[in-house]
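A.B. asks: turn this into a structure:
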Amino acid sequence: PAYGKLGELQVLLSKGTTFQALSATLPPHILGAVKHELLIPSDHLSLTLLTNRPNITYAVTPLIGGPHNFRKFDCLIPPNYAAPMMIPKTLIFHDNKQEAVDASAYNNSHLPKTLQN
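C.D. replies: Model prediction:
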């Protein structure tokens, strides 16, 4: 598995470079392999936080019209958006980088011109 190659990345870094491994989904046996591969000492700092928090809402949207139909994101930016309205922080997972870039451009185009990148 790819986790077994993490040590190769650490070797490429300068000695003493801080290295961290972040994941929300590592099962215990894979976490052990990652710690072993990265030579993480036993006295390391490990933060484990629950993702079930009141300020997080999970949603799954169906792929109506295919993965490149970004109209499903229209609910994220109100059509009458104007400052000082707040747009909630949102994290959207995509299957590949190009889809994420395209979705970002779509959402950006729905912002007022003064807020567009």
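A.B. asks: give me the below-cutoff pLDDT ranges for this structure.
C.D. replies: Along the chain, the model assigns pLDDT under 70 to residues 1.
A.B. asks: correct me, but residue 111 touches residue 77?
C.D. replies: Yes. At 6.3 Å, residue 111 and residue 77 qualify as touching, with contact defined as Cβ atoms under 8 Å. For the C-beta atoms, the positions are set from N, CA and C on the backbone; glycine is no exception.
A.B. asks: so for the two, which sits in the more crowded spot?
C.D. replies: Higher neighbour count among residue 111 and residue 77: residue 77, with 18 against 13, using other Cβ atoms under 10 Å.
A.B. asks: which residue packs closest to the more buried one, ignoring adjacent ones?
C.D. replies: Once flanking residues are discounted, residue 77 sits nearest to residue 110: 4.7 Å by Cβ to Cβ, 6 or more residues apart in numbering.
A.B. asks: tabulate the CA atom coordinates of the helix or strand where residue 32 lies in PDB.
C.D. replies: Element membership for residue 32 (DSSP states H and E) is helix 28-37. Output in PDB follows, covering the C-alpha atoms of helix 28-37 (Å, rounded to 0.1, in the frame of the first residue of the first chain):
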ATOM      1  CA  PRO A  28      -5.600   1.200  14.000                       C
ATOM      2  CA  HIS A  29      -3.500  -1.300  12.000                       C
ATOM      3  CA  ILE A  30      -2.700   1.200   9.300                       C
ATOM      4  CA  LEU A  31      -2.000   3.900  11.900                       C
ATOM      5  CA  GLY A  32       0.500   1.500  13.400                       C
ATOM      6  CA  ALA A  33       2.200   1.000  10.000                       C
ATOM      7  CA  VAL A  34       2.300   4.700   9.400                       C
ATOM      8  CA  LYS A  35       4.000   5.300  12.700                       C
ATOM      9  CA  HIS A  36       6.500   2.500  12.100                       C
ATOM     10  CA  GLU A  37       7.300   3.700   8.600                       C
END
